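Asker: predicted model, plus sequence, below.
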Amino acid sequence: MKPYIYLTRKLPEEAVKNLQASFQVNMWDRDDVAVPEDILLAEAEKAHALLTVVSDQITGDLLRAGKNLKVVANMAVGFDNIDVEAATKQGIYICNTPDVLTETTADLTFALLTATARRIVEAAEFVKEGNWKSWSPFLLAGQDIYNKTIGICGMGKIGEGVARRAKGFGMEILYHNRTRKPETEQELGARYRSLESLLESSDFVVSLTPLTSETRHLFNQSAFRKMKSSAIFINASRGAVADEEALVHALKTREIAGAGLDVFVEEPISADHPLLKLPNVVALPHIGSASLETRMVMISVCVDNIERVLKGKEPRTIVNPGLLQA
Ligand SMILES: O=CC(=O)O
């Protein structure tokens, strides 16, 4: 019998035809709703490979139930939705899609910064709603971006991509990261700062840090209080790096000036969430890497990893490399 692969989202036929040639492939065939947990569990119990997305919770229980499972290929660079430790114990490869989405996500992060600073979403709605009656000096006036200070928290590849864009805007670049990046400092003139100093000095605080036990609620009440009252907070990593209640408070009381958010604690965020009621928030539906080109490449990275593992080869992009040595 051919190995069985379950894809948790409807993907284009052309993207998965390679898999169909050698394996039995089944996919959740709706694009508008996520696969329900019970169906995902039942599929994991049968599957040799899963192709998953960020909103699928790949828990220890699910991985232990997957007696045939050899690989989970997550269509994202982040993998906080997966219990990697449990997978490693079960001998299951966890793969992600690094590198291929770096520039696309940096584009979106910078676009979100621009949209928030210059009130682009508000302005576009204003025109479409027929509210534009006259040109006026301060109509929808926002904040400058060029020559301002950007503080990037999480200087991985996407952080570096955002820093390159910031350099083009003549911005002063500060960063905070677990490790210093001498080459980035040299190439982009980025300056390392403690988190506290970055928060105090930046006009734009940009979160690109992965979600871990250390970064959960990194942006809390005390962090927002340290920021300038004119500061704009941009989050393009994971919702839970910010304490959303503290963020709502900081925005309402104008402790900070605005926020551009591509990610939320609960996704999809409910339409009546207090964050969505605030005029100084630009909210996007987790579309950091969502260009047609990049999404197709991400799928092909997942497909390639699955194919390799099921054919007895090493996957190319692996999150639990300890397994390769085991
Ligand atoms: O959020 C998206 C990703 O991790 O790629």
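Answerer: Sure, I can see it. Numbering: from 1, shown residues only.
Asker: report pLDDT for Leu324.
Answerer: pLDDT recorded at Leu324 is 78.
Asker: am I right that it is in a strand?
Answerer: No. Assessed with DSSP: H, G, I helix; E, B strand; the rest coil, Leu324 is helix; it does not lie in a strand.
Asker: around the ligand, pick out the residues from the stretch 201-326 of the chain.
Answerer: With CB under 6 Å from any ligand atom as the criterion, the stretch 201-326 of the chain meets the ligand at residues Gly288, Ser289. For every residue, glycine as well, the C-beta is placed using N, CA and C.
Asker: show me where the stretch 201-326 of the chain has its helices.
Answerer: Remark: helices assigned in the stretch 201-326 of the chain by DSSP state H, counting those that start in this stretch are 221-226, 244-252, 292-310, 322-325.
Asker: nearest to Gln90 among those helices would be which one?
Answerer: With respect to Gln90, and counting by CB to CB, the nearest of these is helix 322-325 at 9.8 Å.
Asker: reformat the helices of the stretch 201-326 of the chain as JSON lines; add mean neighbour count.
Answerer: Rendered in JSON lines, the data for the helices of the stretch 201-326 of the chain read as follows (neighbours: other CB atoms under 10 Å):
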{"stretch": "helix 221-226", "mean neighbour count": "17"}
{"stretch": "helix 244-252", "mean neighbour count": "19"}
{"stretch": "helix 292-310", "mean neighbour count": "20"}
{"stretch": "helix 322-325", "mean neighbour count": "10"}
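Asker: out of the ones you listed, which gets the lowest mean score?
Answerer: Lowest mean pLDDT within those: helix 322-325, at a mean of 79.
Asker: got any ranges where the protein has weak pLDDT?
Answerer: The chain contains residues with pLDDT under 70 at 325-326.
Asker: as JSON lines, the helices of the stretch 201-326 of the chain with distance to Arg316 would be great.
Answerer: JSON lines is the format used below for these (distance: least, CB to CB, whole Å):
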{"stretch": "helix 221-226", "distance to Arg316": "37"}
{"stretch": "helix 244-252", "distance to Arg316": "36"}
{"stretch": "helix 292-310", "distance to Arg316": "6"}
{"stretch": "helix 322-325", "distance to Arg316": "11"}
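Asker: quick one: furthest residue from the center of the chain?
Answerer: Ser134 (39.1 Å; CA atoms, centre = their mean).
Asker: tell me the centre residue of this structure?
Answerer: Within the chain, and using CA atoms, centre = their mean, the residue nearest to the centre is Ser237, at 4.1 Å.
Asker: residue contacts, that residue?
Answerer: Gly78, Gly154, Ser207, Leu208, Thr209, Pro210, Leu211, Val263 (CB atoms under 8 Å, 6 or more residues apart in numbering).
Asker: closest one of these to Ala49?
Answerer: The closest of those, once distances to Ala49 are taken by CB to CB, is Gly78, at 19.6 Å.
Asker: need the residues that contact stretch 132-147.
Answerer: 113-114, 117-119, 122-123, 126, 169-172, 203-204, 230, 232, 257.
Asker: gap between that stretch and the chain center?
Answerer: Chain-centre distance of stretch 132-147: 30 Å, with CA atoms, centre = their mean, to the nearest Å.
Asker: measure the closest residue to Leu251 other than its chain neighbours to Gly260 for me?
Answerer: Distances taken as CB to CB, 6 or more residues apart in numbering place Leu278 nearest to Leu251, at 5.2 Å, with adjacent residues excluded. Using CB to CB, to the nearest Å, we find Leu278 at a distance of 12 Å from Gly260.
Asker: also Lys128?
Answerer: 20 Å.
Asker: ok so, going back, to Leu63, which of the helices of the stretch 201-326 of the chain lies closest?
Answerer: Of these, the one closest to Leu63 (CB to CB) turns out to be helix 322-325, at 12.9 Å.
Asker: restricting to C-alpha, output the closest one in PDB.
Answerer: Output of helix 322-325 as PDB, limited to C-alpha atoms (Å, rounded to 0.1, in the frame of the first residue of the first chain):
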ATOM      1  CA  GLY A 322      18.900  15.900  16.500                       C
ATOM      2  CA  LEU A 323      16.900  13.200  14.800                       C
ATOM      3  CA  LEU A 324      19.400  13.100  11.900                       C
ATOM      4  CA  GLN A 325      22.100  12.000  14.300                       C
END
